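>>> Give me a model of this one.
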Amino acid sequence: MVDFSFKVSPNILLGSYTASRVGQTISNIGSKFMVVMDPIMRESGTSKKITDALDDKKIDYFIFDEFSGNGDSEILSRALQLARQAHVHGVIAFGGGKPISIARAVCALFNEIHDLYDYLDGELPKTNPLPLVCIPTTIRDAFVFTDSIPLVDARNSTLKILKSQPGLCKLVLFDSTLTATLTENQTDSMALESLCLASESYLSQRENFFSDMIAEKAVEIFGYALDGSQTLTVTTPKEELLSQAGCMASLSAATSSVGIASLLSMCINARYKISRSLVTTILFPYMIEECAKFKADRIAKLAKKMGIAQSEQTDEEASHAFAENIRQRIAKANLPARLKDLSISLEQLALAAEDAGQLDIVNSLPRSMNSDDLFALVKTAY
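Predicted coordinates:
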């Protein structure tokens, strides 16, 4: 077994209305911040939860929500320039995966002197990062607890993984009330995506006793959130259960790795701007069936944790039940079931599979896979 090393960073605050305490929690970091947020947060009025909390504590801040452009690197360049000109003391990320990734990259590169594309091409940041506070609004972020930052390179619309300094993020606030801005369809899609993330970390070659423990508990909580408890012992509201399970799925992925569906969905999103949640959800049951060929015992354990399979069923029967259960949930939520439903061609998907095969993440998948293997799974799901 490979030596296990785990450092508790960042601090995690999870609960209802935790975002309203952001002004109090950052007062020891500084008094001037850039707030990177999804534009929809302002349109929906959700941003007031953050801005009011900052105003109450007399925190000086400005909002960056300019997310138009061909790729994340263009957006990052603008955000980085503004942060440096304002001499901010730290950054607050508020929203989904894109604003959190941009904010993390701003903090990582704030004190660097080279061109940002040098770092996208593999150079490592060497200076001290700016402090970062993350407030996810989509119940999960596969990279928030890691030193890896997924970004879309505007030069060729491919996914790159920027390596950051350790200890960049100081605090992550999970506030279950923030998911109120999501539609029921979005909530269902993101819940399935988060369940997939927990399953991927459990099936990865990098799994360990710690990631296994967290992934198993995350899957169990997802079962309660999606289906309710068979007894009256669990009375926690669905949105709080989803936040808890999403946080644990992110932690499990950070101590293990994302997997096939997440990797392909990020590369497809980078090239064609198609929702990661939808692509991951579509690929989820096919990923289960692929892994069932050599890890049926582990899939069966997850299926039984969720109450999908019974204890007397064989590993193969439980694995099949898990995949079919996900397909039923997709149909019930009226989500796309095939990649062809996303108006994308197999030729386009072949390019995305080739991109995925070039990333280091491929070395952590449940089995040894190359671009051809990934494209074979894509064709099955098409």
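>>> need the strands for the stretch 51-200 of the chain, in chain order.
60-64, 90-95, 132-136, 148-153, 158-163, 169-175 (DSSP state E, counting those that start in this stretch).
>>> Between those, which one is closest to R298.
Among these, strand 148-153 comes nearest to R298, with 24.1 Å by C-beta to C-beta. From N, CA and C alone the C-beta is placed, and that goes for glycine too.
>>> average pLDDT for that closest one?
Averaging pLDDT along strand 148-153 yields 95.
>>> what sits up against it?
71-73, 76, 97, 101-102, 104-105, 108, 117, 120, 143, 158-164, 266, 269-270 (C-beta atoms under 8 Å, 6 or more residues apart in numbering).
>>> Stretch 54-70 now?
Against stretch 54-70 from outside (C-beta under 8 Å, 6+ apart): 22-24, 26-27, 31-39, 41-42, 47, 51, 75, 78-79, 82-83, 86, 92, 98-99, 102, 154, 157.
>>> which ones are touching C169?
Here C169 is in contact with 9-10, 104, 107, 132-134, 144-145 (criterion: C-beta under 8 Å, 6+ apart).
>>> Run the chain-centre distance for stretch 365-377.
Averaged C-alpha coordinates place stretch 365-377 at 21 Å from its chain's average position (C-alpha atoms, centre = their mean, to the nearest Å).
>>> Ignore what I typed, I meant stretch 125-133.
Centre to centre, stretch against its chain (C-alpha atoms, centre = their mean), the figure for stretch 125-133 is 21 Å.
>>> the domain parsing of the protein - what is it?
Domain ranges of the chain: 11-178, 183-381, per automatic domain parsing.
>>> Flag every buried residue along the top helix by length along the chain.
If you go by DSSP state H, the chain has its longest helix at helix 276-305. Neighbour counts over helix 276-305 (16 or more other C-beta atoms under 10 Å) mark 276-292, 295-296, 298-305 as buried.
>>> and it with strand 148-153, angle?
150 degrees (axes from the mean of the first three to the mean of the last three C-alpha atoms, to 10 degrees).
>>> helices and strands around the next helix or strand after helix 276-305, which ones?
Moving toward the C-terminus from helix 276-305, the next helix or strand (DSSP states H and E) is helix 315-332. Counting contacts by 3 or more C-beta pairs under 8 Å, 6 or more residues apart in numbering; DSSP states H and E, helix 315-332 is packed against helix 184-203, helix 276-305.
>>> Among the ones you listed, show the one with the smallest mean pLDDT.
Among the helices and strands packed on helix 315-332, helix 184-203 carries the lowest mean pLDDT (a mean of 90).
>>> Which neighbouring elements make contact with it?
Counting by 3+ C-beta pairs under 8 Å, 6+ apart, helix 184-203 packs on helix 209-227, helix 238-255, helix 260-272, helix 276-305, helix 315-332.
>>> could you give the angle of that helix to helix 238-255?
Using the same axes, to 10 degrees: helix 184-203 against helix 238-255 is 30 degrees.
>>> for helix 184-203, the distance to its chain's centre please.
9 Å.
>>> Take it, keep the C-alpha atoms, and write them as PDB.
The C-alpha trace of helix 184-203 is given here as PDB (Å, rounded to 0.1, in the frame of the first residue of the first chain):
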ATOM      1  CA  GLU A 184     -35.500  20.900  -9.900                       C
ATOM      2  CA  ASN A 185     -33.900  19.700 -13.100                       C
ATOM      3  CA  GLN A 186     -30.600  21.200 -12.300                       C
ATOM      4  CA  THR A 187     -30.700  19.800  -8.700                       C
ATOM      5  CA  ASP A 188     -31.500  16.300 -10.000                       C
ATOM      6  CA  SER A 189     -28.600  16.500 -12.500                       C
ATOM      7  CA  MET A 190     -26.100  17.800 -10.000                       C
ATOM      8  CA  ALA A 191     -27.100  15.300  -7.400                       C
ATOM      9  CA  LEU A 192     -26.500  12.500  -9.900                       C
ATOM     10  CA  GLU A 193     -23.200  14.100 -10.900                       C
ATOM     11  CA  SER A 194     -22.100  14.300  -7.300                       C
ATOM     12  CA  LEU A 195     -23.100  10.600  -6.700                       C
ATOM     13  CA  CYS A 196     -21.000   9.700  -9.700                       C
ATOM     14  CA  LEU A 197     -18.100  11.600  -8.300                       C
ATOM     15  CA  ALA A 198     -18.300   9.700  -5.000                       C
ATOM     16  CA  SER A 199     -18.500   6.400  -7.000                       C
ATOM     17  CA  GLU A 200     -15.500   7.300  -9.200                       C
ATOM     18  CA  SER A 201     -13.300   8.000  -6.200                       C
ATOM     19  CA  TYR A 202     -14.300   4.700  -4.700                       C
ATOM     20  CA  LEU A 203     -13.400   2.900  -7.900                       C
END
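>>> Nothing else from me, thank you.
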